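In: the following comprises the amino acid sequence and a computationally predicted model.
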Amino acid sequence: MKVLIVEDEVKIQRLLAQSLKAEGWAPEACGSAELALPLIEKDQFDAFVLDVMLPGQNGMDFCRFLRDKGVKQPILLLTAKSTILDKVEGLDAGADDYLTKPFEIEEFKARIRALFRKAKNYPRDVVQTGDLTLDPNSRVVMRAGKEIILSRKESQLLEYLMRHQGQIVTRAMIAKSVWDSETTLYTNVIDVFVNRLRKKIDEGQRYRLIQTVRGKGFVVGDTGPQIEDSL
């Protein structure tokens with residue numbers, strides 16, 4: 001599970017990230033809403049941790065911004081403000097939970113676990129590329145009206161590629177986001193899984209959706225030239 005931590009105090013940022021990593025989760029951290037935006041655009045997160053007192057756009061306004069943009073994943077606000085009015089404002093801004101500083105790290109992890117339980121209940125929109133659809137909730141994949149059976153990891157990889165359709169996705173991005181481990185980069189695991197997807201998704205079709213950009217990575221799309229046929 002991937003968590004984006006937006007906290008400008010470096011010590012706290014590192015402590016939170018280390019505590020989540022020790023639990024087997026995949027945290028990513030930055031110090032402002034401005035730095036968080038490109039991370040959100042290129043990756044899929046399961047939950048967000050936002051400090052309220054951020055430089056530039058504060059965490060509460062950033063929370064509202066994310067909700068206005070259609071972000072459905074759970075959000076935990078961190079703040080030194082502890083009045084009832086502050087908590088009400090945070091929850092009304094779209095946060096799912098509100099943790100007051102200072103706090104024990106065990107309580108923080110418990111709140112994150114609760115957010116993950118809540119995240120499982122959030123329905124996600126069907127993803128579509130050309131005549132290919134993937135329902136993230138049921139994991140049903142269809143192409144041209146025919147169901148395609150994928151393993152869990154294959155469907156996770158396909159969803160990641162489809163959510164970045166038209167963009168070049170590098171092996172490093174896939175290793176970090178789908179496998180939660182950069183060690184995958186030093187094996188041929190990613191290429192094996194992409195080959196499997198190609199056989200299941202593109203074999204026998206009029207055109208290929210999964211293409212290779214030589215020396216860079218992969219791209220999914222239903223228009224444009226077939227960039228490269230082989231890995």
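Out: In hand now; what should we look at?
In: tell me the buried residues in the helix or strand of the chain with the lowest mean pLDDT?
Out: Ranking every helix and strand in the chain by mean pLDDT, DSSP states H and E puts helix 171-178 at the bottom, with a mean of 85. The neighbour-count check on helix 171-178 (16 or more other Cβ atoms under 10 Å) flags 171, 173-178 as buried. Glycine gets a C-beta too; all of them are placed from N, C-alpha and C.
In: what helices or strands is that helix leaning on?
Out: Counting contacts by 3 or more Cβ pairs under 8 Å, 6 or more residues apart in numbering; DSSP states H and E, helix 171-178 is packed against helix 152-163, helix 189-201, strand 217-220.
In: where does the chain dip in pLDDT?
Out: Where the chain drops to pLDDT under 70, the residues are 119-124, 180-186, 223-231.
In: which stretches of it form helices?
Out: Secondary structure of the chain (DSSP state H): helices at 10-22, 33-42, 59-68, 84-92, 105-119, 152-163, 171-178, 189-201.
In: make TSV from those and add distance to Tyr207 to it.
Out: Formatted as TSV, the helices of the chain follow (distance: least, Cβ to Cβ, whole Å):
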stretch	distance to Tyr207
helix 10-22	41
helix 33-42	26
helix 59-68	36
helix 84-92	48
helix 105-119	35
helix 152-163	16
helix 171-178	23
helix 189-201	11
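In: which stretch among those helices comes nearest Val219?
Out: Val219 lies closest, by Cβ to Cβ, to one member of the helices of the chain: helix 152-163, at 8.1 Å.
In: kindly calculate the angle that that closest one makes with helix 171-178.
Out: For helix 152-163 against helix 171-178, the angle by axes from the mean of the first three to the mean of the last three Cα atoms, to 10 degrees is 120 degrees.
In: quick one: buried residues of helix 152-163?
Out: Buried positions in helix 152-163, judged by neighbour count with 16+ other Cβ under 10 Å: 154-163.
In: most widely separated two among these?
Out: Farthest apart among those - using Cβ to Cβ - are Glu154 and Arg163, which lie 15.0 Å from each other.
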